[in-house]
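Visitor: dropping a prediction and its sequence here:
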Amino acid sequence: MGLAKFFGILMFMLKTLWNAIIPHKSTFLNKQMNFAPVSKETDRTGLKVVKGSMPTDLNGSYVRNGPNPQIPPYGRYHWFDGDGMLHEIYMNNGKTSYKNRWIQTAKLKAERKSKYNLWVSVKCATEATGALMYPAWEKIMSLLKIQRPRYNTNNTALEFHDGRFLALMEVARPAHVRLPELETVGEWDYNGKLAVDDSFTAHPKVDAVTGEMMFFGYRFSTAPYCKYHVVNAEGELVQTVPISFPKPYMMHDFAITENFSCIFQFPLTFDLSRVKKGKALLAFEVHGTSRIGVIPRHAKNEDEIEWYPVKPCYMYHTFNAWEEDNGNAVVIIGCRSAAAGLFEPTEPMPEDSTDAFPFRWTIHRDTKTVEETRLNDCSMEFPVIHPQYLGRRNKYGWAAIVDWVTDYKGKALPNGAPMPAGILKMDLATGEIIDSYRYGPGIYAGEPLFVPKPGGTEEDEGYLMGFIHDLNTNTSYFRISDAKTMSAEPLCLIELEDRVPFGFHGKWVPQEKIDQQR
């Protein structure tokens, strides 16, 4: 080996170590922008209503999940890294309370005991110099004989099915949590049917008509890289179909109809061959394969999947999907972007490539063709619908209006941040924005969860709720608004004593379900 090559390799390794160990600035650790974690678990009662009043027909728990690292990260940090923390507003006969709790995963317990981070950041996988840290770190752990549980933060989303409230992330099994205490019962493996190396999407789909829950899981260690599952209404895992992919794909969401499930094989991939070329392990392949798989809900094997090529793209979240023409057509509505936000593309792309816009795919199963239609030009994310209409044709969808913020008060933000700045209501058939509003300068939120109004008879009769944060005063609030009228004036605004960092997805569980939980 020549001297120049030796020093080239040495410098590359030193840069890799520097990126993984030495602290770096991250937007997603910025307290001023409300991404930084909180350090305490708290309980508050008698919450302060500063506008409107609490709707008297709401009794239950609103819970939101999100990343909150218990140990300050060293080296690179990605928003997806942090330990899962649940923030809850509990409503009971007009009284409200707030609490937050870390999800007691095996990972959190192991790191709390050691007082160190035992895994490298997801961020390392997205950068050329960081990718080599994975095998290096695993070697270090092995040499030091450090025993670690399977990686699991359960920091992304939530679901309630068959009496169990589940905290989810997409590369591990769910955590069973009891409400309203937010007590972690433990990892849920469907009575041993979900293997320890299996995973569970952050976005399972519960059919409100049949009571079934469909989900998939991907993994990046060994094939098969994807599995599709069905859980019956009684909570039994009754069906598993392995799906063959040539390499691991990071797939965040999927969709269901009455008779089918739709798998999105979009090209955000894990590829070791890139690392050998000095490139990132996890990246968006600009010219990679994009296709949608339509699988019968109760398929026995992957041969029953129909695959439909589409233009290269990515989609974090869907609004809904349904069937038309007696099942010969499948319509999917989602927030599509030209590239995957928060991850680097394999070659340069326009700056707005990660903006997500409402999109419709109409799959004609009889002619094996796909119509692809952008519905409007409004950048949006965190789409929601009335949950009773999941998998069936519906009219209305709500979503967060997203601004990509690159500086705050004159200070540049590393890589910028997607900031939900308001709410819109959309006609899913036409893409028409029926109504919308913004929270105000410097006020941002997250997912505007739709909660059906008890006793309501119309699709849009319900509430939109979630946490918001005013950066001007560094104050967090819980906000409830009218989903039907879309009035910008909240029905109820609760000022919180504690800061609630920006996070991911929420779930509403009515009191009758809490009373019947396992």
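Guide: Right, received. Where do you want to start? Numbers count the residues shown, from 1 in each chain.

Visitor: what ranges does the chain have for its helices?
Guide: 3-21, 106-114, 122-125, 128-131, 133-143, 272-276, 511-515 (DSSP state H).

Visitor: check which helices and strands the third one sits against.
Guide: Translated: helix 122-125. With contacts defined as 3 or more CB pairs under 8 Å, 6 or more residues apart in numbering; DSSP states H and E, the packing partners of helix 122-125 are helix 128-131, helix 133-143. Just so you know, the C-beta spots here come from the backbone N, C-alpha and C atoms, and that holds for glycine as well.

Visitor: how does it look with 10 Å?
Guide: Applying 3 or more CB pairs under 10 Å, 6 or more residues apart in numbering; DSSP states H and E, we find helix 122-125 packed against helix 3-21, helix 128-131, helix 133-143, strand 282-284.

Visitor: just list whatever residues bridge to residue 308.
Guide: Under DSSP bridges, the beta-bridge partners of residue 308 are residue 292.

Visitor: adjust the sequence numbering to begin at 4 for everything that follows.
Guide: I'll keep to 4 as the first residue from here, and by that count the last item is residue 311.

Visitor: hang on, it packs against residue 263?
Guide: No. Between residue 311 and residue 263 there is no contact under CB atoms under 10 Å: 11.9 Å.

Visitor: more neighbours, the two?
Guide: residue 263 (24 against 18; other CB atoms under 10 Å).

Visitor: which one is that one nearest to, not counting chain neighbours?
Guide: Leaving aside its sequence neighbours, residue 263 sits nearest to residue 297 (CB to CB, 6 or more residues apart in numbering; 5.2 Å).

Visitor: residues contacting that neighbour?
Guide: Contact analysis of residue 297 by CB atoms under 10 Å, 6 or more residues apart in numbering lists 258, 260, 262-266, 307-311, 324, 333, 335, 366, 368.

Visitor: what about these, which are in strands?
Guide: Using DSSP state E, the subset of these located in strands is 258, 263-266, 309-311, 324, 333, 335, 366.

Visitor: are any of the residues you listed buried, and which?
Guide: Neighbour counting with 16 or more other CB atoms under 10 Å marks 258, 263-266, 311, 324, 333, 335, 366 as buried within the ones in strands among the contacts of residue 297.

Visitor: and which of those is nearest residue 37?
Guide: residue 258 (31.2 Å; CB to CB).

Visitor: pick the one among the ones in strands among the contacts of residue 297 closest to residue 358.
Guide: Within those, the smallest distance to residue 358 is 19.2 Å, found for residue 335 (CB to CB).

Visitor: wait, that closest one sits on residue 324?
Guide: Yes. Counting by CB under 10 Å, residue 335 touches residue 324, with 4.4 Å between them.

Visitor: overlap in contacts of these two?
Guide: 257-258, 260, 265, 297, 364, 366.

Visitor: pipe these into a markdown table and attach distance to residue 401 and pLDDT per row.
Guide: A markdown table is the format used below for those (distance: CB to CB, whole Å; pLDDT from 0 to 100):
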| residue | distance to residue 401 | pLDDT |
| --- | --- | --- |
| 257 | 20 | 98 |
| 258 | 17 | 98 |
| 260 | 21 | 98 |
| 265 | 21 | 98 |
| 297 | 26 | 98 |
| 364 | 20 | 98 |
| 366 | 25 | 98 |
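
Visitor: distance to residue 238 for these - can I get that in CSV?
Guide: Converted to CSV, those look like this (distance: CB to CB, whole Å):
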residue, distance to residue 238
257, 20
258, 22
260, 22
265, 24
297, 26
364, 32
366, 31
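
Visitor: closest one of the residues you listed to residue 488?
Guide: Nearest member of those to residue 488, counting by CB to CB, is residue 258, at 28.6 Å.

Visitor: so what's the closest one bridging to?
Guide: Taking DSSP bridges as the rule, residue 258 bridges to residue 265.

Visitor: isn't it up against residue 335?
Guide: Yes. In this structure residue 258 lies within contact range of residue 335 using CB under 10 Å: 5.4 Å.

Visitor: give me the common contacts of these two.
Guide: Joint contacts of residue 258 and residue 335 (CB under 10 Å, 6+ apart) are 265, 267, 295, 297, 318, 321-325, 364.

Visitor: buried ones among those residues?
Guide: Buried, going by 16+ other CB under 10 Å: 265, 267, 295, 297, 318, 321-325, 364, out of those.

Visitor: which residues touch residue 480?
Guide: Per CB under 10 Å, 6+ apart, neighbours of residue 480: 51, 53-54, 442, 446, 448, 469-473, 493, 495-499, 503.

Visitor: residue contacts, the residue nearest in space to the middle of the chain?
Guide: For the chain, the residue sitting closest to the mean C-alpha position, by CA atoms, centre = their mean, is residue 159 at 4.9 Å. The contact partners of residue 159, by CB under 10 Å, 6+ apart, come to 68-70, 83, 87, 170-174, 204-206, 255, 506-508.

Visitor: same check on residue 479?
Guide: So residue 479 contacts 37, 90, 101, 470-473, 497-505 (CB under 10 Å, 6+ apart).

Visitor: just the buried residues of the residues you listed.
Guide: The neighbour-count test (16+ other CB under 10 Å) marks 37, 90, 101, 470-473, 497, 499, 503-505 as buried among the contacts of residue 479.

Visitor: between those, which is nearest residue 286?
Guide: The closest of the buried ones among the contacts of residue 479, once distances to residue 286 are taken by CB to CB, is residue 505, at 24.9 Å.

Visitor: burial check on residue 475, number of neighbours?
Guide: 11.

Visitor: find the nearest non-adjacent residue to residue 391, please.
Guide: Spatially, and ignoring its direct neighbours in sequence, residue 391 is nearest to residue 211 (4.8 Å; CB to CB, 6+ apart).

Visitor: per-residue pLDDT of the one you found, please?
Guide: On pLDDT, residue 211 comes in at 98.

Visitor: now do the contacts for it.
Guide: So residue 211 contacts 389-395 (CB under 10 Å, 6+ apart).
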